[in-house]
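**Student:** how would this look folded up:
(4 chains)
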Protein chains: 2
Amino acid sequence: MAIKKKTTIKDIANVLNISAAAVSKALHNDARISEKTKKAVRQVAENLNYQPNHLASALRSGKSKLVGVIVPKTNSNFFSSAIHNIEEGLDKEGYNVIITQSNESFKKECKNIDTLLYLQVDGIIVSMANETVDLETLEKVKAAGIPLITFDRGENDLNVDYIGIDDYNSSHLIVNHLVEQGCKRIAHIGGYKRTRIYNNRIRGYVDALKKHNLPLDEELLIETNLTIEDGREKMLELLALKNRPDAVYAAGDFAALGALQVLNEQNIKIPEEIALVGFGDEPFSAMVTPSITSVNQHPYKMGRIVADTFLKYSKETTIKQSLNKIILEAKLVIRDSSLKKKS
Amino acid sequence: MAIKKKTTIKDIANVLNISAAAVSKALHNDARISEKTKKAVRQVAENLNYQPNHLASALRSGKSKLVGVIVPKTNSNFFSSAIHNIEEGLDKEGYNVIITQSNESFKKECKNIDTLLYLQVDGIIVSMANETVDLETLEKVKAAGIPLITFDRGENDLNVDYIGIDDYNSSHLIVNHLVEQGCKRIAHIGGYKRTRIYNNRIRGYVDALKKHNLPLDEELLIETNLTIEDGREKMLELLALKNRPDAVYAAGDFAALGALQVLNEQNIKIPEEIALVGFGDEPFSAMVTPSITSVNQHPYKMGRIVADTFLKYSKETTIKQSLNKIILEAKLVIRDSSLKKKS
DNA sequence: TATATTTGTTTAAACGATTAAGCAAATATA
DNA sequence: TATATTTGCTTAATCGTTTAAACAAATATA
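**Tutor:** Next up is the predicted model:
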């Protein structure tokens, strides 16, 4: 078996006895190339199974038609759905999407950014890792002169576009609902304050309590990484209090799931003894027993808007990026874990 | 603000008054470049914030240092864990991993392959979509002269490496366990026979029944896509039979979850009335009530072996690929949904 | 001392495509 | 008929890097 060398425009040019430039133009449907030549070129390209070399065209044109996406984990419904719609939106304009995960690690996120820049991507879309506070590496993206779009987890100081939900108001929705159900001691297993979205959820929680004239008990406000394990651990701590809460609002569904496990194991009635609310509306929330009330963040819609935002810059290279927030209204999905008064 | 032009090796060369070639070699630690020059080059590169242009080096060297991964969905623990270890293994050798999803669609899988080939990846790692039967596009990868590694879902006819678990034997483990628990009418909500792993699970199921002298009832053997919805639907059908099963073995955890929901909704006691077993050991299986017995496929180990297999070819370009199966023993994780006799 | 080898570098071609500039032939305009 | 414009192509430079080949200077060997 002879080593198959890849077909290049030169090969096509040789067959037809025309120049490589003519082939390139024919393939790009240049107006100055005759229909006859175009047809012949397309035919030969087909016959020789010609595949354009992306590297070469990207190098010459300075556009790689690659967009990098960095998320903490692909392993959640929110991100995998959002990515799906980002892909769909960018695909239509001929962009290829590269997905990378940071695993919530700042170091991995930096490495991913370097890798993507090294690949000469035309833009980067990011939802920041929990750990990330130092914005230097993200600034490198802006310095590289390509658009940087943030979603879900962003940072004002970056001064770039952000697409997310109204976290502050979402906490209000949750607390309103729990108060309506008669809860008076509402705990919050939250994320870390340094991350904007978690800070907003905490602020919303605190302000909503105030609004309802409920005292803020520092014992009931906990910051964590929101993993299942964190949910278990913090739920055990809450149960150990002399004065237990009658509701727990976790800022993530995975943490809520951990809490649910503990409550079930200890035969604590949900929602009668302790009501439970999560955040993110992961599919399992609807499936566990009891099903967990949660907040839907519209991942599909968000993905579509993220894609459109990037495309705006790709078409108009003159626009300068600035802090430009698009905030979607989140939806509270009420389920068994918090619904005391069945109607 | 002046437009920042990217630093190239030429810029470094100019600063030091040496040739671009010398810079390139210095950066690659060529033995024929003096330590003094190397040091100076590294220093200037650092100062000018030099980032190598991957496109150019890939074009010239013919190696992109990119490996493409195609999976049905990143949205499962199995794949996201496997990918994580693939990344880790390849990262050590300087490869960058591009993740794409087929969403179980044959068309999307083909598109992903084309995209990856277009990006001049040095290899492709794939777990095939359920829909895929036509292997023509996958053959294109081999024709492109780069290694193709399959895992989890492969196909003998491709004649390439495959890393997976022993599906046939896993079914035996499951049936043995259920028989041990006293089950006599074991249903199987399986995948489609055309997909090798599901075919093997079905064959294993059928043979294991035979081994235990249990009759094979065609009513109890169902082929589906193994989504949650499929699980729900097929469970309802099984419950509608005049002669209900006393155990259900679903070939995927998502389908098992759907079945579990239906059983819970209908207040059917698990495992007393109907025992339930899934496949894949997704984290939620341990968390739902009752927890679901499942089969762990060692995603981490599998990812590591997949990476090593690719690296073998990348180092020794002369080896020709052939059907080379590495089969891991899967582990049955027994949980409440099938454990009748508590010890 | 004359020759061979090693060291440290430069030169120049190449990777495969794009694109500005140029040019001859065909066609249009005056 | 002379000139201008359009058409359809070619030439050659270019993107940033790698690498084979060449070569002068320094060092080793005989």
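**Student:** from now on I want contacts and neighbour counts done on CA atoms only, so please keep to that.
**Tutor:** Fine.
**Student:** residue ranges in the stretch 151-300 of chain A under the pLDDT threshold?
**Tutor:** Judged against pLDDT under 70, the stretch 151-300 of chain A has no low-scoring part.
**Student:** alongside chain B, which residues does it contribute?
**Tutor:** A:L257, A:Q261, A:F284, A:M287, A:V288, A:T289 (Cα under 8 Å from any Cα of the partner chain).
**Student:** tell me the contacts of A:Q261?
**Tutor:** Neighbour list for A:Q261: A:R232, B:M287 [criterion: Cα atoms under 8 Å, 6 or more residues apart in numbering or on different chains].
**Student:** give me that answer again for 10 Å
**Tutor:** Neighbouring residues of A:Q261 by Cα atoms under 10 Å, 6 or more residues apart in numbering or on different chains: A:I228, A:G231, A:R232, A:M235, A:A255, A:N267, A:V288, A:T289, B:A286, B:M287, B:V288, B:T289.
**Student:** narrow these to just the buried residues.
**Tutor:** Buried members of those, scored by 16 or more other Cα atoms under 10 Å in any protein chain shown, are A:I228, A:G231, A:R232, A:M235, A:A255, A:V288, A:T289, B:A286, B:M287, B:V288, B:T289.
**Student:** from DNA strand C, how far out is the closest residue to the last one other than its chain neighbours?
**Tutor:** The shortest distance from B:T289 to any residue other than its chain neighbours is 6.2 Å, reached at A:T289 (Cα to Cα, 6 or more residues apart in numbering or on different chains). As judged by Cα to the nearest atom of the strand, to the nearest Å, A:T289 and DNA strand C stand 56 Å apart.
**Student:** give me the phi and psi angles of A:T289.
**Tutor:** For A:T289, the backbone dihedrals are phi -120, psi 120 (criterion: degrees, to the nearest 10).
**Student:** reformat the contacts of A:Q261 as CSV; add secondary structure.
**Tutor:** Listed next are the contacts of A:Q261 as CSV, based on DSSP: H, G, I helix; E, B strand; the rest coil:
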residue, secondary structure
A:I228, helix
A:G231, helix
A:R232, helix
A:M235, helix
A:A255, helix
A:N267, coil
A:V288, coil
A:T289, coil
B:A286, helix
B:M287, helix
B:V288, coil
B:T289, coil
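**Student:** if we take those residues, which one ends up nearest to DNA strand D?
**Tutor:** A:I228 (44.2 Å; Cα to the nearest atom of the strand).
**Student:** quick one: that closest one from A:P245, how far?
**Tutor:** Separation of A:I228 from A:P245 (Cα to Cα, to the nearest Å): 20 Å.
**Student:** for A:V160, same thing?
**Tutor:** Where A:P245 is concerned, A:V160 sits at a distance of 40 Å (Cα to Cα).
**Student:** what's the burial count for the nearest residue to A:Y95 once chain neighbours are set aside?
**Tutor:** Of all residues not flanking A:Y95 in the chain, A:K65 sits nearest, at 4.9 Å (Cα to Cα, 6+ apart). Other residues near A:K65 come to 20 when the count uses other Cα atoms under 10 Å in any protein chain shown.
**Student:** next up, the contacts around A:K65.
**Tutor:** Applying Cα under 10 Å, 6+ apart to A:K65 gives the contacts A:54, A:58, A:90-91, A:93-97, A:120-123, A:314, B:119.
**Student:** okay, it: pLDDT?
**Tutor:** At A:K65, the model reports a pLDDT of 90.
**Student:** how much space is there between it and A:I146?
**Tutor:** Distance from A:K65 to A:I146, by Cα to Cα: 12 Å.
**Student:** can you list residues touching both of the two?
**Tutor:** By Cα under 10 Å, 6+ apart, the residues touching both A:K65 and A:I146 are A:Q120, A:V121, A:D122, A:G123, A:S314.
**Student:** quick one: which of these is nearest to B:E155?
**Tutor:** A:V121 (33.7 Å; Cα to Cα).
**Student:** state the phi and psi torsions of that closest one.
**Tutor:** phi -60, psi 150.
**Student:** swap in A:I86?
**Tutor:** Main-chain dihedrals, A:I86, degrees, to the nearest 10: phi -60, psi -50.
**Student:** before we move on, the earlier item: just the buried members of the contacts of A:K65?
**Tutor:** For the contacts of A:K65, buried by 16+ other Cα under 10 Å: A:H54, A:A58, A:L90, A:Y95, A:N96, A:V97, A:Q120, A:V121, A:D122, A:G123, A:S314, B:L119.
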